[in-house]
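Asks: coords please:
(one chain, ligands or ions: 4)
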Amino acid sequence: AKSEGRGRYQMYVPVLGEALIKRQQLAEALRLALETAQGLALWYQPIMDISGTKMRGIEALLRWQHPTLGPVSPADFIPVAEETGLIIPLGDWVLQQACGMAKNCPHLRMSVNVSPLQFLAGNFIERLREIVQQAGVDPKQIELEITEGVMLEDHQQALRTIQTLRSAGFRIALDDFGTGYSSLNYLTQFPVDTLKIDRSFIQLLGIQEQADTIVSSVIKLGHSLGLSVTAEGVETEQQRQALSAAGCDKLQGFLLSRPQPAEVLFAGHAV
Ligand code: C2E
Ligand code: CA
Ligand code: CA
Ligand code: CA
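Replies: Ligands and ions are numbered 1, 2, ... in the order given. The predicted structure follows:
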């Protein structure tokens, strides 16, 4: 039985070990990037009005250029940052940078992604207040994008945090709406300001009849709860028109603009 156990050990561990090493190396490199402030940057994607002509705000999106791997997708390194706890200092860095940028463009709302772990950390509110104060930014200019994940983790803590942040003036957006388990249920329970409809629904507009029905129902529901509704991942003029007809408030996506470094986004404009 012992040798059998060892055989199994030898079969599985190297594979697992390799994944662990890669993850650990990624975490190490990320830690170094954070310490030296090298290779990390925020890019910004415009959030437009429904006609697609007026910029209503920008969303900060984290970019990481690894010294040898090149650009690493947030979809790959955010989970590593979450697993290693690095998401806390990384999230602070993102908030500091985004607030600094918000200070430079006071006419634009700044949307910042906050991971569930970061949001639910005991001292998140205090740290955020300090960051905002140091940047000299009005909390009203900042919208924090959270996902249903925060509600699944710790319902009561999430609710308290949302309430405290909103009474301090921050806005809260529910990101990736429609991708979670019990979106409709949570929506009525959590007092947010903005609903962001996930790209997966927007993609199917005009292709799948149900998608049109779902999207317009979500917009109606959002409005009945007094929320502003943003469509994510808008890529075609046809999608924009369908969203406009359905009464959607704001648009975000490659049709309007890709995420860009601030100096590119604002080239030639006074910020
Ligand atoms: P998200 O918050 O849902 O951000 C939207 C993602 O969709 C971004 O990917 C953006 O570049 C992409 N996108 C925007 N418009 C379009 C479009 O028209 N078509 C397509 N195909 N994609 C579009 P990105 O920047 O790779 O970020 C992926 C995810 O990583 C984000 O999803 C967010 O969950 C996470 N993330 C990014 N930055 C941060 C951050 O600073 N903190 C945390 N906690 N998470 C972040
Ligand atoms: Ca987001
Ligand atoms: Ca999203
Ligand atoms: Ca997402």
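
Asks: which residue sits closest to the spatially most central residue of the chain, ignoring its sequence neighbours?
Replies: The chain has N113 as the residue nearest its centroid, 3.3 Å off, counting by Cα atoms, centre = their mean. With Cβ to Cβ, 6 or more residues apart in numbering as the criterion, N113 has its nearest non-adjacent residue at 4.9 Å, and that residue is E145. C-beta: built from backbone N, CA, C; applies to glycine.

Asks: sorry, back to before: the residue nearest to the centre of the chain is in contact with D176, isn't it?
Replies: No: using Cβ atoms under 8 Å, N113 is not in contact with D176; the gap is 10.1 Å.

Asks: over to the residue nearest to K140 when sequence neighbours are not counted. Which of the three states is it?
Replies: Excluding the flanking residues, the one nearest K140 by Cβ to Cβ, 6+ apart is G169, at 4.7 Å. Here G169 is recorded as coil under DSSP: H, G, I helix; E, B strand; the rest coil.

Asks: contacting residues for G169?
Replies: D138, P139, K140 (Cβ atoms under 8 Å, 6 or more residues apart in numbering).

Asks: if we go to 10 Å?
Replies: Contact analysis of G169 by Cβ atoms under 10 Å, 6 or more residues apart in numbering lists V132, D138, P139, K140, Q141, I142.

Asks: got phi/psi on the closest residue to ligand 2 within the stretch 1-150 of the chain?
Replies: Using Cβ to the ion, the closest approach of the stretch 1-150 of the chain to ligand 2 is made by E145 at 4.1 Å. Backbone geometry at E145, expressed as degrees, to the nearest 10, gives phi -100, psi 120.

Asks: so for it, what pLDDT did the model give?
Replies: As predicted, E145 sits at a pLDDT of 98.

Asks: where's it relative to T230, distance?
Replies: Per Cβ to Cβ, to the nearest Å, E145 is found 10 Å from T230.

Asks: more neighbours, these two?
Replies: Taking other Cβ atoms under 10 Å, E145 and T230 do not tie; T230 has more neighbours (30 against 20).

Asks: and R63, which of the three is it?
Replies: strand.

Asks: picking that back up, who touches both of E145 and T230?
Replies: E59, S111, A173, D175, T194, K196.

Asks: give the contact list for H66.
Replies: Counting by Cβ under 10 Å, 6+ apart, H66 has contacts Q25, L26, A29, L30, A33, G39, V72, F77.

Asks: the helices in the stretch 1-150 of the chain, which residues?
Replies: Taking DSSP state H, counting those that start in this stretch as the test, the helices found in the stretch 1-150 of the chain are 2-36, 74-84, 87-104, 116-120, 124-135, 149-153.

Asks: which of the residues in the last one are buried?
Replies: For helix 149-153, burial by neighbour count (16 or more other Cβ atoms under 10 Å) applies to G149, V150, M151.

Asks: what's the closest of these to ligand 1?
Replies: G149 (10.1 Å; Cβ to the nearest ligand atom).

Asks: what residues are up against the closest one?
Replies: Listed by Cβ under 10 Å, 6+ apart, the contact set of G149 reads E82, S115, P116, L117, F119, L120, A158, D175, D176, G180.

Asks: same thing but at 6 Å, please
Replies: By Cβ atoms under 6 Å, 6 or more residues apart in numbering, the residues touching G149 are P116.

Asks: and what of P116?
Replies: By Cβ under 6 Å, 6+ apart, the contact list for P116 reads G149, V150, E153.

Asks: state the pLDDT value of it.
Replies: 95.

Asks: how about it, nearest residue that isn't a chain neighbour?
Replies: G149 (4.0 Å).
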